[in-house]
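here is the input, now give the coordinates:
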Amino acid sequence: MSALSECRLYGIIDLGYAERRDAARIVERMIEGGVDLIQLRGKNKSIGELMELAAELHELTAKSSTPLIVNDHAEIARRVSVEGVHVGQDDDPIKLVRQKATRGILVGKSTHSLEQARAAEREGADYIGFGPMFATPTKPDYVPIGLQDIRRVHAEVNLPIFCIGGINIDNLQSVIDAGAKRVAMVSALLKAHNIVDYARCATDMLA
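Numbering: from 1, shown residues only. Now for the predicted structure:
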């Protein structure tokens, strides 16, 4: 299993964009393209549906030692041997997530400001998402925070930081130039004509 510190590209399978029946194929292509860790996100799906899909996808990710993270639901990590759970600002506290999982897992947290990033580190997060960098169709209600705090958050928070929100191949260099070392991609990757080539291009830029 790759150490989080070595991970650069975080791919998110959002079932708002991807059909459930396509999820396994997308995972295979993300892995082939060099995505370092993969998150399953399904805001409008039941825990039962997500648990079943997480078990199916984990069989694929385990073969390449790619960590599989589930969004929001620590209960899934108790039943399926996924590597982690990602929570937002309004979800369970990290300590409770670990208790619900009943085993050692990675726990990531979404943050939208320097203050939230520092708080997530104090709370015991293993990594953070930091954004949204740009306006994103995935979360239209979130106001972009822009690129100006990327260097500062890396200086002040001693965790792997994945910049997220509207990042694509066309603006990735500007995010890297602003100080980012790792990024998460959602719609850009899922809508790519060729996921493998798109991921490889992103990982080359992040190398």
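
hey, where'd the helices end up in the chain?
Listed from the start of the chain, the chain has helices (DSSP state H) covering 23-33, 47-63, 74-79, 94-101, 114-123, 150-156, 169-177, 187-190, 195-206.

return the most buried member of those helices.
For the helices of the chain, average neighbour numbers computed from mean count of other C-beta atoms under 10 Å are highest in helix 187-190, which has a mean of 22. For the C-beta atoms, the positions are set from N, CA and C on the backbone; glycine is no exception.

and it, what does it pack onto?
In this structure, helix 187-190 packs against strand 9-14, helix 195-206, with contacts taken as 3 or more C-beta pairs under 8 Å, 6 or more residues apart in numbering; DSSP states H and E.

do that again at 10 Å, thanks
Helix 187-190 sits against strand 9-14, helix 23-33, helix 169-177, helix 195-206, with contacts defined as 3 or more C-beta pairs under 10 Å, 6 or more residues apart in numbering; DSSP states H and E.

who wins for proximity to residue 96 among those?
Proximity of those to residue 96 was assessed by C-beta to C-beta; the nearest stretch is strand 9-14, lying at 22.8 Å.

can you tell me the strand partners of that closest one and which way each runs?
As defined by DSSP bridges, the strand partners of strand 9-14 come to strand 37-41 (parallel), strand 182-185 (parallel).

possible to save those strands as TSV with mean pLDDT and mean neighbour count?
Output for the strands paired with strand 9-14, formatted as TSV (pLDDT from 0 to 100; neighbours: other C-beta atoms under 10 Å):
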stretch	mean pLDDT	mean neighbour count
strand 37-41	98	25
strand 182-185	98	25
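
I'd like these as a markdown table, with distance to residue 204 appended.
Conversion of the strands paired with strand 9-14 to a markdown table gives the following (distance: least, C-beta to C-beta, whole Å):
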| stretch | distance to residue 204 |
| --- | --- |
| strand 37-41 | 18 |
| strand 182-185 | 13 |
